[in-house]
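J.: my questions concern the predicted model and sequence given below.
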Amino acid sequence: MEMIFGPAQNYRLANPRLETLRRTAVMMRCMGYITERDAYEFERAGFSDDHLEMMRGLFSQSSSSMGSTSKH
């Protein structure tokens, strides 16, 4: 299969803390929320509740701005 499609993609980051940040951001962007377990892992990686709220604010702003585009 590798000969046809190339090597498998590895999207994991080398730094576990950055990987936690990446996974949290992807989940918030795609699902709009994270689970309690994900929030716990986010905190365990050294991020605070304030960091989580900032991310929620960023993703809620970006989703509302995408929905406000008008067709001409």
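T.: Cool, got the structure.
J.: helix or strand next in line after the helix or strand of the chain with the lowest mean pLDDT, which one?
T.: Ranking every helix and strand in the chain by mean pLDDT, DSSP states H and E puts helix 2-5 at the bottom, with a mean of 75. With elements assigned by DSSP states H and E, the helix or strand that comes after helix 2-5 is helix 16-31.
J.: list the buried residues in that next one.
T.: 20-21, 23-24, 27-28 (16 or more other Cβ atoms under 10 Å). Using the backbone N, CA and C atoms, a C-beta is placed for each residue, glycine as well.
J.: repeat for stretch 41-55
T.: Within stretch 41-55, the residues that qualify as buried are 41-42, 45, 47, 52, 55, counting by 16+ other Cβ under 10 Å.
J.: how about those in JSON lines, adding distance to residue 34, pLDDT and secondary structure?
T.: Shown next, in JSON lines, are the buried residues of stretch 41-55 (distance: Cβ to Cβ, whole Å; pLDDT from 0 to 100; DSSP: H, G, I helix; E, B strand; the rest coil):
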{"residue": "41", "distance to residue 34": "9", "pLDDT": "95", "secondary structure": "helix"}
{"residue": "42", "distance to residue 34": "7", "pLDDT": "96", "secondary structure": "helix"}
{"residue": "45", "distance to residue 34": "13", "pLDDT": "96", "secondary structure": "coil"}
{"residue": "47", "distance to residue 34": "12", "pLDDT": "96", "secondary structure": "coil"}
{"residue": "52", "distance to residue 34": "8", "pLDDT": "94", "secondary structure": "helix"}
{"residue": "55", "distance to residue 34": "9", "pLDDT": "92", "secondary structure": "helix"}
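J.: residue 8: which of the residues you listed is nearest?
T.: Closest approach to residue 8 among the buried residues of stretch 41-55 (Cβ to Cβ): residue 41, at 24.3 Å.
J.: now the closest residue to residue 20 other than its chain neighbours. Its backbone dihedrals?
T.: Leaving out its chain neighbours, the residue that sits closest to residue 20 by Cβ to Cβ, 6 or more residues apart in numbering is residue 45, at 3.9 Å. Main-chain torsions, residue 45, degrees, to the nearest 10: phi -80, psi 0.
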